[in-house]
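**Student:** just a sequence and a predicted model for now, questions to come.
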Amino acid sequence: MRITERIEFPVALIVLLGALAVSVAAFLLLGNRQIERVLFFPGNITSNVSGERRVVPFHHNVQEDMKQVVKEVILGPESIYNSRVLPKGSSIQLFMLRGDTLYIDFSSDIMEHKAEVKLNFDEGIATLEKTLRYNFRWLGKVIVTINGQLPFQPPYTPSAGQV
């Protein structure tokens with residue numbers, strides 16, 4: 001056995017152990033950046049709502065964490081025994097948190113009642129609010145609009161003198 005072979009093995013071992021130490025330190029300092037949330041979905045047979053645990057990406061911004069929860073609700077349940085809260089094609093146009101009030105503006109796709117959604121619109125929004133309040137207990141009001149308008153309310157039109 002030559003001297004270079006005796007030196008190469010310990011050097012390679014030290015490099016490998018160093019890489020392992022850096023990886024472990026990075027994991028401990030940065031974490032895995034995921035958090036467990038509870039999402040509520042109605043059952044397929046009954047409309048009783050039950051919680052489903054899901055690991056979602058963690059953002060260092062509360063508004064982004066809340067938006068991630070809403071996106072997960074739109075994706076639907078993982079369990080085959082639960083059904084959707086909102087239609088699959090729903091999209092978020094505006095998501096804004098001000099103090100303890102959350103404003104969510106959905107596209108008009110959310111109003112399309114599809115067979116995959118067992119809840120009516122009001123029940124779906126109430127279930128979404130339940131999910132948000134469970135995961136963010138300090139949350140006050142949740143204001144949902146569709147294309148900038150409150151659902152089932154007459155649109156705002158200024159009078160002739162205000163134009």
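**Tutor:** Arrived safely. Numbers count the residues shown, from 1 in each chain.
**Student:** element containing Thr157, please.
**Tutor:** Under DSSP states H and E, no helix or strand contains Thr157.
**Student:** look up how far Leu75 lies from the nearest residue to Asn44 once chain neighbours are set aside.
**Tutor:** Closest residue to Asn44 apart from its sequence neighbours, by C-beta to C-beta, 6 or more residues apart in numbering: Ser83 at 5.1 Å. C-betas here are computed from N, CA, C, even on glycine. Separation of Ser83 from Leu75 (C-beta to C-beta, to the nearest Å): 13 Å.
**Student:** which one's more surrounded, the two?
**Tutor:** Under the criterion of other C-beta atoms under 10 Å, the comparison of Ser83 against Leu75 puts Ser83 first, with 19 against 13.
**Student:** wait, that one sits on Lys118?
**Tutor:** Yes - using C-beta atoms under 8 Å, Ser83 is in contact with Lys118, at 4.7 Å.
**Student:** need the residues touching each of those two.
**Tutor:** Overlap of the contact sets of Ser83 and Lys118 (by C-beta atoms under 8 Å, 6 or more residues apart in numbering) consists of Pro42, Asn44.
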